[in-house]
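Chemist: predicted model, plus sequence, below.
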Amino acid sequence: MIIDDQIYDLIIVGTGAGGGTLAAKLAPTGKKILILERGDFMPLEEQNRSNVDIFKRERYHAPEQWYDNYGEPFSPQMNYAIGGNTKIYGAVLTRFRAQDFEAVKHQSGVSPEWGVKYADFEPYYTEAERLYKVHGQVGADPTEPPHSQDYPFPAIDHDPQMAAIVETLTQQNLHPAPLPLGLTRQTDDPTNDSEVSGIVPALQHPNVTLKTGAKVVCLHTNPSGRAVKGVEAEIAGQSYLFLADLVVLACGAVNSAALLLRSRNDCHPNGLANSSGLVGRNLMKSLMTVVVQLSTQTNSGAFPKTVCVNDFYGSDRDFPYPMGHIQNAGGLLTDIIFAEAPPMFSVLAKFLPGFGLKQLATRSIGWWAQTEDLPDSNNRVHLDGNKLTIDYTPNNIEAHDRLIYRWTDVLKTVEKELDGFQRGFIHPRGEIPIQVMANQCGTCRFGTDPQTSVLDLNCRSHDIDNLYVVDSSFFPSNASVSPALTIIANALRVGDHLIEQMQ
């Protein structure tokens, strides 16, 4: 093993929404920061979602095998690169609703209360929206919580066909609202991500070092087990040990938990930070279904996603529990929904024999239906020898099914009011495969009690004084909207705490 000849003030493992944002926040402090990333810079052509062949080749799957509940191997849909999964996300940056921080009764159970509230997050949401150049419109969505400031950029205009649908939805007494999107001002790569807004600005500071191709395999503690003293990483087939005063994990909810479990030692026989036994448990990853409207009219297939509907986020007329969030997927050539849900094509092929992918994409409009899944300790990440296993069984299913049927009814009215629409096709919820790891969260939940949580409210391990986790692992519950902005906001919040600690 090669021991690096430098001692860092801080090591950040991972460059996604949490790690990249934290790096940008802490870089101006002048502290010596090392960023370790398993991947490398992603070629621009690999980020291009406008080619139909991504649906065929199922890009963006990690070069490794995980295992499901039945011991069957699968290749997870993960992106190891500078920027992590923000390089392939949809740039939808929505605030959690205020009630998402409270205990909420669902039909299938209770979504637990957070130890911090929306008011604690609000200034960091505002900071995150500025950092990621979010385009939106305050006040259009009645479920949106209060903003201390407007969005930094105006909402993106709707495509003409989508504008007509929005008008029809409004006539149904619904509240379609502009979808908050993190965008750059560039025309060649409009999506903002944690490389653009986090890592690139951080590297402008001479105190920040980035090492790519660095797969972190173990955290080593001091003899008492109360501090991480070394981060072991494999780089180009060689093992290195990096030393730091503070260590922050931002590998994603699955990989951060797996790293802690792999780092077990005599002081921590069940894995680091795991005296509660909760590391890896309570994995959540949302229930998501794609609903596709077919049309006799063609569109470009490349218009942006711009619309969301949250009228069903809470109870509905005949269902007293939350159902979830609806958002337009944009032109299907610009999105990766079929890469995430390839079985849909076998369903559609039965109704559209002879249709090619491009024909389908330019004669349809896609919608996401998304529902919160609830924490369940049996849904977890664990190790079987060297095998990383994901045990996950969906829950809160009836709420999701009701959301799908409710939205289908809405679209039937749209079809009656507008010329050119034929019928909607649903991608069944049960067919979304385990390898789709979108919105993963919850494996190192935070809280005030070390017996029922892994991290404290500043996302520091209860067990290890200098170890933090700033990806979505800390979530005690999920929500029905994307977790990305909340991960970013939390990284900024923890960043303020670390700045105080490092003074």
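Modeler: Great, that's in hand.
Chemist: and the strands in the stretch 251-400 of the chain?
Modeler: Under the criterion DSSP state E, counting those that start in this stretch, the stretch 251-400 of the chain contains strands at 287-295, 307-309, 325-328, 364-371, 380-384, 387-391.
Chemist: dump the ones you listed to TSV, plus distance to residue 480 and mean neighbour count.
Modeler: C-beta: built from backbone N, CA, C; applies to glycine. Output for the strands of the stretch 251-400 of the chain, formatted as TSV (distance: least, Cβ to Cβ, whole Å; neighbours: other Cβ atoms under 10 Å):
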stretch	distance to residue 480	mean neighbour count
strand 287-295	9	22
strand 307-309	11	25
strand 325-328	4	25
strand 364-371	5	25
strand 380-384	22	18
strand 387-391	22	19
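Chemist: kindly reformat these as CSV containing mean pLDDT.
Modeler: Converted to CSV, those look like this (pLDDT from 0 to 100):
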stretch, mean pLDDT
strand 287-295, 81
strand 307-309, 97
strand 325-328, 94
strand 364-371, 88
strand 380-384, 96
strand 387-391, 96
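Chemist: which residues of the stretch 201-350 of the chain fall in helices?
Modeler: Along the stretch 201-350 of the chain, counting by DSSP state H, counting those that start in this stretch, helices occupy 253-262, 337-340, 343-351.
Chemist: where along the stretch 401-503 of the chain do the strands fall?
Modeler: 421-426, 467-469.
Chemist: scratch that, the stretch 51-200 of the chain
Modeler: 66-67, 73-74, 104-106, 109-111, 134-136, 153-154, 177-178, 181-182.
Chemist: what's the most buried one of those strands?
Modeler: Counting by mean count of other Cβ atoms under 10 Å, strand 181-182 has the highest mean neighbour count of the strands of the stretch 51-200 of the chain, with a mean of 28.
Chemist: what about the stretch 51-200 of the chain, any weak spots by pLDDT?
Modeler: The stretch 51-200 of the chain contains residues with pLDDT under 70 at 51-61, 185-190.
Chemist: helices of that one, start to end?
Modeler: 53-57, 118-131, 160-171, 194, 200-202.
Chemist: just say which of those is most tucked in.
Modeler: Of the helices of the stretch 51-200 of the chain, the one with the most neighbours on average (mean count of other Cβ under 10 Å) is helix 194, at a mean of 35.
Chemist: ok, back up a step: and the strands of the stretch 251-400 of the chain as a markdown table, adding distance to residue 485?
Modeler: Below are the strands of the stretch 251-400 of the chain laid out as a markdown table (distance: least, Cβ to Cβ, whole Å):
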| stretch | distance to residue 485 |
| --- | --- |
| strand 287-295 | 17 |
| strand 307-309 | 13 |
| strand 325-328 | 13 |
| strand 364-371 | 15 |
| strand 380-384 | 24 |
| strand 387-391 | 25 |
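Chemist: for residue 180, find the nearest of these.
Modeler: Evaluated over those, closeness to residue 180 peaks at strand 307-309, with 8.3 Å, by Cβ to Cβ.
Chemist: and the closest one, what does it pack onto?
Modeler: Applying 3 or more Cβ pairs under 8 Å, 6 or more residues apart in numbering; DSSP states H and E, we find strand 307-309 packed against helix 160-171, strand 177-178, strand 325-328.
Chemist: so what's residue 179 up against?
Modeler: Residue 179 is in contact with 92, 94, 136, 155, 156, 305, 306, 307, 308, 327, 328, counting by Cβ atoms under 8 Å, 6 or more residues apart in numbering.
Chemist: ugh, wrong one, residue 287
Modeler: By Cβ under 8 Å, 6+ apart, residue 287 lies in contact with 324, 370, 371, 372, 373, 394, 396, 397, 400, 429.
Chemist: report the lowest-confidence entry in the residues you listed.
Modeler: Across those, the bottom pLDDT score, 51, is held by residue 429.
Chemist: so where's the stretch 301-450 of the chain shaky on pLDDT?
Modeler: In the stretch 301-450 of the chain (pLDDT under 70), the answer is 331-361, 419-432.
Chemist: ok, 50 please
Modeler: 336-347, 349-351, 354, 430 (pLDDT under 50).
Chemist: and the spatially most central residue of the chain, how far is that from residue 169?
Modeler: Residue closest to the average C-alpha location in the chain (Cα atoms, centre = their mean): residue 439, at 3.9 Å. Separation of residue 439 from residue 169 (Cβ to Cβ, to the nearest Å) stands at 25 Å.
Chemist: residues in contact with the closest residue to residue 103 other than its chain neighbours?
Modeler: Spatial nearest neighbour of residue 103, excluding adjacent residues (Cβ to Cβ, 6 or more residues apart in numbering): residue 113 at 4.1 Å. Residue 113 is in contact with 101, 102, 103, 476, counting by Cβ under 8 Å, 6+ apart.
Chemist: widest-spaced pair of the residues you listed?
Modeler: Farthest pair in the contacts of residue 113, by Cβ to Cβ: 102 and 476, 11.4 Å.
Chemist: what's the overlap in contacts for those two?
Modeler: By Cβ under 8 Å, 6+ apart, the residues touching both residue 102 and residue 476 are 113, 114.
Chemist: the more surrounded of those two?
Modeler: Set residue 102 next to residue 476 and count neighbours by other Cβ atoms under 10 Å: residue 476 wins out with 21 against 14.
Chemist: make CSV out of the strands of the stretch 51-200 of the chain and add distance to residue 243.
Modeler: Below are the strands of the stretch 51-200 of the chain laid out as CSV (distance: least, Cβ to Cβ, whole Å):
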stretch, distance to residue 243
strand 66-67, 30
strand 73-74, 36
strand 104-106, 43
strand 109-111, 40
strand 134-136, 37
strand 153-154, 42
strand 177-178, 47
strand 181-182, 35
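Chemist: these: which one's closest to residue 32?
Modeler: Nearest to residue 32, of the strands of the stretch 51-200 of the chain and by Cβ to Cβ, is strand 181-182 at 29.3 Å.
Chemist: what packs against the very next helix or strand once past that closest one?
Modeler: Next helix or strand after strand 181-182 toward the C-terminus (DSSP states H and E): helix 194. With contacts taken as 3+ Cβ pairs under 8 Å, 6+ apart, helix 194 sits against helix 17-26.
Chemist: counting contacts, what elements does the helix it packs on pack onto?
Modeler: The contact analysis (3+ Cβ pairs under 8 Å, 6+ apart) places helix 17-26 against strand 2-13, strand 33-36, helix 118-131, helix 194, helix 200-202, helix 484-502.
Chemist: no further questions, thank you.
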